[in-house]
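Trainee: Model the structure of this input:
(one chain, ligands or ions: 1)
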Amino acid sequence: MSENAMHVMVWADIPVLMADLKSQFIVHNRAEIKDLAAWGAAEGGKIEAVITNGMLGTEVEVLEHLPNLKVVCSMGVGYDAIDTAYLSDRGIPVSNTPDVLNDAVAEAAMALMLCLTRRISQAERFIRQGAWSSQKFPAGHQLTGKTCGMVGLGKIGKTIAKRAEAFGMNVAYYRRGEPYANIDYTHYDSIVELATAADYLIVIVPGGPHTQHLINADVLASLGRNGYLINVSRGTVVDEKALVASLQSGEIAGAALDVFENEPHVPLELTAMENVVLTPHLGSSTHETRQAMADLVLANLRQFLTDGTLITPIN
Ligand code: 8YV
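Mentor: Sure, this is the predicted structure:
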């Protein structure tokens, strides 16, 4: 690597990206910096690009030590953890990785919905605990003929909906603003109405202040005692306390959650419930998709270095 190689800061080890980054750039790892002020004074001025992901985002406190920062490339579609207003004020463009993860997240949503309704995690525990020889395993519910309520029908939402249709489900949706003109699914302009109609409510809207606690006590009450909640978007979209309360009281039938309000912390109450499926934010986590995401991060960075533009800019 030449002495003039660009300095890049990564917010943490992103395994699928590190080898490529290290072969072309001088890489500084945010997670390894203990004394930010001392590091900033010695190295901060060298950093021209930041690489992060949708969960880690960026910290303004660190960005303040990077006076020559020119671009932020994030591996993930969601950018609620990145202070885009701050970066825009500094004139720093940001890229994300839309589209390449639609299929993986949709498969994860279907896996969670199936796992929840057919009690697959519970059934596994039943066998592993040696219960089969002495007990009967309770029946689940089938998806066929049920209503899948989509909270959000963006690109990932549509990809999930297509799969739900293939399972013989009726699809209904809520989205901010006007219903789509070219989509036949039933549209509701209130989430409470959608939840009332739905047997399974799948949450797939971006995170951030405008969707904070969109799924609240009222929505859960409307989903009702035969209704299931599946969240593959951001933990902040669901009022976790209200969810715990409604699961504890049997107000809803169950929940499958890939995301949490305070990751990686999961409320203990949830881990104790049999009718709850929990996964560690794995929506996009397939080898194929993570590679495609990493390729898009690098392609964005390279294009930026070539002509100052991004392939998938968000601001
Ligand atoms: C990833 C995500 O977990 O795309 C997002 O917004 O949350 C996920 O795909 C994350 O960005 C890991 O790189």
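
Trainee: shouldn't Ser121 be in contact with Val277?
Mentor: Yes - between Ser121 and Val277 there is a contact under CB atoms under 8 Å: 5.2 Å. Bear in mind the C-beta positions are built from the backbone N, C-alpha and C, glycine included.

Trainee: So between these two, which is more surrounded?
Mentor: Val277 (25 against 18; other CB atoms under 10 Å).

Trainee: Could I get the phi/psi values of the more buried one?
Mentor: phi -110, psi 130 (degrees, to the nearest 10).

Trainee: Kindly state the beta-bridge partners for the nearest residue to it once chain neighbours are set aside.
Mentor: Among residues not flanking Val277 along the chain, Ala256 sits closest, at 4.0 Å (CB to CB, 6 or more residues apart in numbering). Listed beta-bridge partners, Ala256: Ile230, Val277 (assigned using DSSP bridges).

Trainee: quick one on the thing from earlier: list residues touching both of Ser121 and Val277?
Mentor: Cys115 (CB atoms under 8 Å, 6 or more residues apart in numbering).

Trainee: can you tell me which residues contact the nearest residue to Gln248 once chain neighbours are set aside?
Mentor: Taking CB to CB, 6+ apart, and ignoring the residues beside it in sequence, Gln248 has Glu269 as its nearest neighbour in space, at 6.9 Å. Each residue near Glu269 by CB under 8 Å, 6+ apart is listed here: Val244, Leu247, Gln248.

Trainee: quick one on the thing from earlier: contacting residues for the residue nearest to Val277?
Mentor: When contacts are counted by CB under 8 Å, 6+ apart, Ala256 is found next to Leu112, Met113, Cys115, Leu116, Tyr228, Leu229, Ile230, Asn231, Val276, Val277, Leu278, Thr279.

Trainee: Try it again at 7 Å.
Mentor: Leu112, Met113, Cys115, Leu116, Ile230, Val277 (CB atoms under 7 Å, 6 or more residues apart in numbering).

Trainee: Count residues in the vicinity of the closest residue to Thr309 other than its chain neighbours, would you?
Mentor: Closest residue to Thr309 apart from its sequence neighbours, by CB to CB, 6+ apart: Gln303 at 6.1 Å. Applying other CB under 10 Å, we find 15 residues neighbouring Gln303.

Trainee: how does this protein divide up, domain by domain?
Mentor: As given by automatic domain parsing, the domain ranges for the chain are 7-99+288-307, 102-278.

Trainee: Show me the one of the ones you listed that comes nearest the ligand.
Mentor: Among these, domain 7-99+288-307 comes nearest to the ligand, with 2.3 Å by CB to the nearest ligand atom.

Trainee: Just confirm yes or no for that closest one near the ligand.
Mentor: Yes - for domain 7-99+288-307, a contact with the ligand is found by CB under 6 Å from any ligand atom, at Asn53, Gly54, Met55, Met75, Gly76, Val77, Gly78.

Trainee: The closest residue to Pro264 other than its chain neighbours sits in which helix or strand?
Mentor: The shortest distance from Pro264 to any non-neighbouring residue, by CB to CB, 6+ apart, is to Pro280 (6.8 Å). Using DSSP states H and E, Pro280 falls within no helix or strand.

Trainee: how near is Leu63 to Gly91?
Mentor: Distance of Leu63 to Gly91, given as CB to CB, to the nearest Å: 13 Å.

Trainee: make that Ala197, sorry
Mentor: 46 Å.

Trainee: Give me the more crowded residue out of these two.
Mentor: Shown here are Ala197 and Gly91; by other CB under 10 Å, Ala197 has more neighbours (17 against 8).

Trainee: Could you list the buried residues of stretch 163-183?
Mentor: For stretch 163-183, burial by neighbour count (16 or more other CB atoms under 10 Å) applies to Arg163, Ala164, Met169, Asn170, Val171, Ala172, Tyr173, Tyr174, Arg175.
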